[in-house]
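Q: 3D, please:
(chains A and B, ligands or ions: 3)
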Amino acid sequence: MNSISRRRFLKIGAATAGVAATAGALSKFTKQGVKISSNIPEKGIYTIPTYCDLCFWKCNAIATVRDGKLWKIEGNPIDPMSKGRLCPRGTGGVGSYYDPDRLLKPLMRKNNRGEEKWVEVTWDEAFTFIADKMNKIKSEYGPEAVALFSHGIGGNFFKHLLKAYGSPNLAAPSFAQCRGPRDAGFRLTFGEDVGSPERTDIENSKFLVLIGSHLGENMHNTQVQEFATAIERGTKILVVDPRHSVAASKADWWFPIKPGTDIALILAWLNVIVNEELYDKDYIGKYAIGLDKLKQAVANNTPEWAYPITGIKAEVIRETAREMARYKPAALIHPGRHVTWYGDDSQRSRAIAILNALMGSWGRKGGFFSPVSLDIGAYPYPEYPHSEKGKVDNPDNKYPFAHETITTGIREATISGKPYPIKGWFVYATNLMFTLPNEEETIKAIQNLDLMVVVETLPSEITGWADVVLPEATYLERYDDLNVEFFKEPFVAIRQPVLEPAYETKPGWWMAKKLGEKLGLENYFPWKNIEEFLDTRLKTGGYSLEQIKKVGLIKGERQPIYFDEGVTPEFPTPSGKIELYSEQLAAYGFDPVPRYRKHEEPPTGYYRLLFGRSPVHSFGRTQSNPILFDMMKENEVWLNKFVADKLDLKSGDYVVLVNHDGVRSNRVMVKATERIRQDCVYIVHGFGHTSKGFVRSRGLGASDNQLVTKYKIDPIMGGTAQHLNFVSIEREA
Amino acid sequence: MARYGMAIDTTKCVGCMDCVVACKTENNVPEGLNRDWIQTIVNGEFPNLTMEIRSERCNHCTNAPCVSCCPTGASHYHDGGIVLVHHDLCTGCKACVASCPYDARFINPEGYADKCTFCVHRVEEGKDPACVSVCPTYCMTLGDLDDPNSEISKLVKSKNNHTNLPEAGTIPNIYYLIGDNND
Ligand code: SF4
Ligand code: SF4
Ligand code: SF4
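A: Ligands and ions are numbered 1, 2, ... in the order given. Predicted coordinates:
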């Protein structure tokens, strides 16, 4: 293991002659006010609707400019997502514009990769360099050899560029590192995903189960709002979490489960529900198959069996199974998000899906609604070239139920050159050093590349490994693609610039178009500008750009969203029914009904490292935002009070976490608390930045990702499980 | 005469700090300082725990020591009992900062005592304060405590509640709701 590369500090824009220029520009940018769009007066108050980019939820917002300065961002009252109230990150979006660490000019690598010596270049120089490399890669290895990693809707234009260029290798960490196992588990059961935003009808639920999902700490705005409504309405809430989360503090039951044993708990619930015939008989009879086989499969999974495994008392499991069933079909077992924990995550998600099926909650009020959307067409592009080679990430269909591209599969191919070499990476708005497990492998892959381009607004750690850094304008300074949402009410929303792009930053669409033209792909970019692109798309639905610009979003007619309201129950599985027993899984040698398998436990002196979210930060993307920084500067390591006493540590002490491979974290503050089990520790993800470009946030807190050297791959869909790492605790020297 | 107060339902508050962020942008609160903040109180031992999360700020006390101790008259009661500071009269002597039992005040870098104003500039336009209007759990209510028909009066009457440090004799006007009042 090469610890030098791991510990290397990344510096962006902070080296060489560029420093002075950048620093000068920066202070001018932050101190002397901002350039505003030409249509905004210098005096008075002006509002512009747009949609938020602080996370993937895409709440509709209204930005207010006062006397030529961005003042505040509030929710758009007509928005079904935010209902006029943004989450703390969205409210703090002002800070992403005023972030003094922003990238402001295109940069090219001067020395070795990762050494972060840069020269500032013009956009044209950057594009010429990239296009030359891409042409060379295409002629030597084929267009498939350039891959794209992207996150969020802003990646759409780069996806289009890479498809036009001829690559099928486009991936987002949100699949293999986050929600993929859940989607696979629900697809295998109902034939459909739960979607993003999830189709959970929390506000109408009467019994809500959260398994490792800390709503309120993870701010999926609409869900948090609905969660509050549920509390107000007296919904019974059951939280399964090794940690006394905020949600746990609102719950009627908190199960401080032993980590890694959730499947055993769910199987025990299934056992009670099936044996006592507490399921929705009518619904199961009409829509599901495999009940008998399910019954057989869970016959031995009694609550008494589950107790020593999970630590949850048998009578409590039995009582809560009955209680849950009493509220069916408005009993919602939340599917979660970021479910890549132990390597059998698709099976855990399937167990959750089966439990929901027995409650009859799919398609029902208080369960999972059927999302609706507006009929807005795609832009009429010419057909993309066909790739003979196919995708690189999942050779021989090794992970048979991977329905999206696996980022880590692309990384693997980049290292091994198999099934064919990958020579170029485009990275859009995703800090791969913080999202992919095992940093070492990411670095190894990058070292095999002929081209590494990063499009970013901030000098994130991955930016430090780039050949070319393309500084994007923030969401407040650009148009993006339309958000045609699938949710309770159909709507289409626009992101439009509130301010002009700062310094030399540019919107992604502009970069994609310019690069496309350099690559001779101009027929894939027939629109003159983004306005024309958006207007063309909107016209397909009978709307116009002019119309939407004023209001931010256009809603369609309300439509039925539950079976009871007239939605036709459809289950696009092979049988056309809900599959309680999965022939599909059986055919590939997987358990057709989930089974509990024991996971490794931490050796003495070690604790399982768990990680999660803070309401004021999005991944590792907001720590330098001046407003959100003020809310939370560093993360803390949660340590059970008893354990802390034993180690002679108290809240406020600093420690270093050392994992089983000897990797040491940054210093991190102890939070000695009763709110966590003794066998695990917890930190919030996204801290412990190492990039020198992060003047404010660098070195504050610990990065969970650095400590995730060990991961397991979900054999069903290729997700990388990351809750398998153990750490010991050393007092800071 | 109205007596403005706030009811904050701790059973719904998730401690997300959106109220704090919204206050910062709305009122241009300088970096490193806040007019409102979150308090989390944990009781019990693992696994038998209870927790109260609440958003705190100036209580706009009816009997405010910050007003009575102010030597210049800068700290004063505004209409509706809202406690405010005249920036131009304030010398930044910090008497009020010391006298407030809730630690609700700070000295703004511009030299005057600063704190929550109940967003009086918004309230007088008929809007809610920024914290109230942003809260994703809808847990805050601002209103007239003297009007028995106001939403806030009804909440305070129908739900169990407490104020902070009632023993200080300040008569705080922020009420924390802690569940249904079933008697
Ligand atoms: S949930 Fe928060 S960060 Fe995400 S889009 Fe909505 S307001 Fe923005
Ligand atoms: S915004 Fe609302 S839920 Fe969030 S901390 Fe403030 S009061 Fe609590
Ligand atoms: S909370 Fe403090 S600052 Fe506010 S009115 Fe009472 S004493 Fe004055």
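Q: Confirm residue A:100 sits in a strand?
A: No: counting by DSSP: H, G, I helix; E, B strand; the rest coil, residue A:100 is located in no strand; its state is coil.
Q: pLDDT value on it, please?
A: Among the per-residue scores, residue A:100 shows a pLDDT of 92.
Q: ok, it - how many residues close by?
A: By other C-beta atoms under 10 Å in any protein chain shown, the residues close to residue A:100 number 15. The way it works is simple: take the backbone N, C-alpha and C, and place the C-beta from them, glycine included.
Q: Might one say that it is in contact with residue A:694?
A: No: at 10.2 Å, residue A:100 and residue A:694 do not qualify as touching, with contact defined as C-beta atoms under 8 Å.
Q: what touches both of these two?
A: Common contact partners of residue A:100 and residue A:694 (C-beta atoms under 8 Å, 6 or more residues apart in numbering or on different chains): residue A:624.
Q: which intervals of the chain have sub-threshold pLDDT?
A: Using chain A. Where chain A drops to pLDDT under 70, the residues are A:1-39.
Q: Wait, chain B was what I had in mind.
A: Scanning chain B for pLDDT under 70 picks out B:182-183.
Q: In space, what's closest to the most far-flung residue of chain B relative to its centre - neighbours in sequence excluded?
A: Distance from the centre of chain B peaks at residue B:47, with 32.1 Å (C-alpha atoms, centre = their mean). What sits nearest to residue B:47 in space, not counting adjacent residues and going by C-beta to C-beta, 6 or more residues apart in numbering or on different chains, is residue A:256, at 4.7 Å.
Q: name the element the residue lying closest to residue A:566 once chain neighbours are set aside belongs to?
A: Distances taken as C-beta to C-beta, 6+ apart place residue A:560 nearest to residue A:566, at 4.4 Å, with adjacent residues excluded. According to DSSP states H and E, residue A:560 maps onto no helix or strand at all.
Q: what number of residues lie near residue A:560?
A: Neighbours of residue A:560 (other C-beta under 10 Å): 13.
Q: Kindly report the same for residue A:142.
A: Close neighbours of residue A:142, defined as other C-beta under 10 Å, add up to 17.
Q: Now do it against residue A:424, distance only.
A: Look at residue A:142 and residue A:424: by C-beta to C-beta, to the nearest Å, they are 11 Å apart.
Q: before we move on, the earlier item: hang on, isn't the residue nearest to residue A:566 packed against residue A:569?
A: No: Residue A:560 is not in contact with residue A:569 according to C-beta under 8 Å; the separation is 11.9 Å.
Q: Please report how far the residue nearest the centre of chain A lies from ligand 3.
A: Nearest to the mean C-alpha position of chain A, counting by C-alpha atoms, centre = their mean, stands residue A:174 at 4.5 Å. To ligand 3, residue A:174 is 45 Å away according to C-beta to the nearest ligand atom, to the nearest Å.
Q: what does chain B have sitting close to ligand 2?
A: Contact residues (C-beta under 6 Å from any ligand atom) of chain B with ligand 2: B:13-19, B:38, B:55, B:135, B:137, B:139-140.
Q: Most neighbours among those residues, which one?
A: So for the residues of chain B next to ligand 2 (other C-beta under 10 Å), the most neighbours sit at residue B:19, 32 neighbours.
Q: Look at that one and give its secondary structure.
A: The three-state label given to residue B:19 by three-state DSSP is helix.
Q: Quick check: closest non-adjacent residue to it.
A: residue B:131 (3.5 Å).
Q: ok, now residue A:429?
A: Per C-beta to C-beta, 6+ apart, closest to residue A:429 is residue A:151, 5.0 Å.
Q: How about residue A:111?
A: Leaving aside its chain neighbours, residue A:111 sits nearest to residue A:117 (4.3 Å; criterion: C-beta to C-beta, 6+ apart).
Q: what's that neighbour sitting at in phi/psi?
A: Main-chain dihedrals, residue A:117, degrees, to the nearest 10: phi -110, psi 130.
Q: Pairing partners for residue A:655 in the sheet, please.
A: Under DSSP bridges, the beta-bridge partners of residue A:655 are residue A:668, residue A:731.
Q: Contact partners for it?
A: By C-beta under 8 Å, 6+ apart, the neighbours of residue A:655 are A:637, A:649, A:667-670, A:729-732.
Q: what about it, distance to residue A:730?
A: Applying C-beta to C-beta, the value for residue A:655 to residue A:730 is 6 Å.
Q: Please apply the same query to residue A:314.
A: 39 Å.
Q: Neighbour count for these two, which is higher?
A: residue A:314 (17 against 13).
Q: mind listing what that one touches?
A: With contact taken as C-beta under 8 Å, 6+ apart, residue A:314 is in contact with A:268, A:302-304, A:306-307.
Q: Of those, which belong to helices?
A: Per DSSP state H, helices hold the following members of the contacts of residue A:314: A:268, A:303-304, A:306-307.
Q: burial count for the residue lying closest to residue A:106 once chain neighbours are set aside?
A: Nearest residue to residue A:106 in three dimensions, chain neighbours excluded: residue A:126, at 4.3 Å (C-beta to C-beta, 6+ apart). Residues lying near residue A:126 (other C-beta under 10 Å) number 24.
Q: My read is that residue A:126 contacts residue A:471, right?
A: No: using C-beta under 8 Å, residue A:126 is not in contact with residue A:471; the gap is 9.9 Å.
Q: what do those two both touch?
A: Going by C-beta under 8 Å, 6+ apart, residues that sit against residue A:126 and also against residue A:471 are residue A:106.
Q: Okay, helices next: where are they in chain B?
A: Using DSSP H, helices in chain B cover B:18-27, B:65-68, B:95-99, B:120-123, B:130-134, B:151-158.
Q: can I get those in a markdown table with distance to ligand 1?
A: Conversion of the helices of chain B to a markdown table gives the following (distance: least, C-beta to the nearest ligand atom, whole Å):
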| stretch | distance to ligand 1 |
| --- | --- |
| helix B:18-27 | 9 |
| helix B:65-68 | 35 |
| helix B:95-99 | 34 |
| helix B:120-123 | 20 |
| helix B:130-134 | 10 |
| helix B:151-158 | 26 |
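Q: Highest mean neighbour count out of the ones you listed?
A: Comparing the helices of chain B by mean neighbour count (mean count of other C-beta atoms under 10 Å in any protein chain shown), helix B:18-27 ranks first with a mean of 26.
Q: what does that helix contact?
A: With contact meaning C-beta under 8 Å, 6+ apart, helix B:18-27 is reached by A:71-74, A:85-88, A:91-92, A:94, A:615-616, A:627-628, A:630-631, B:29, B:34-38, B:55, B:116-117, B:119, B:122, B:130-136, B:140.
Q: Grab the CA positions of it and hand them over as PDB.
A: The C-alpha trace of helix B:18-27 is given here as PDB (Å, rounded to 0.1, in the frame of the first residue of the first chain):
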ATOM      1  CA  ASP B  18     -32.400  25.800   8.400                       C
ATOM      2  CA  CYS B  19     -33.800  28.500  10.700                       C
ATOM      3  CA  VAL B  20     -30.200  29.500  11.600                       C
ATOM      4  CA  VAL B  21     -29.200  29.600   7.900                       C
ATOM      5  CA  ALA B  22     -32.300  31.500   6.800                       C
ATOM      6  CA  CYS B  23     -31.700  34.100   9.600                       C
ATOM      7  CA  LYS B  24     -28.100  34.600   8.400                       C
ATOM      8  CA  THR B  25     -29.000  35.400   4.800                       C
ATOM      9  CA  GLU B  26     -32.100  37.300   5.600                       C
ATOM     10  CA  ASN B  27     -30.400  39.600   8.200                       C
END
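Q: For residue 153, which residues are in contact?
A: Looking at chain A here, since you left the chain open. Residues near residue A:153 by C-beta under 8 Å, 6+ apart: A:53, A:56, A:58, A:480-481, A:483, A:495.
Q: meant chain B, my bad for not saying
A: B:143-147 are the contacts of residue B:153 under C-beta under 8 Å, 6+ apart.
Q: again, but for residue B:51
A: With contact taken as C-beta under 8 Å, 6+ apart, residue B:51 is in contact with A:244, A:246, A:249, A:675, B:40-43.
Q: What of residue A:190?
A: A:353, A:357, A:362, A:571, A:573, A:578.
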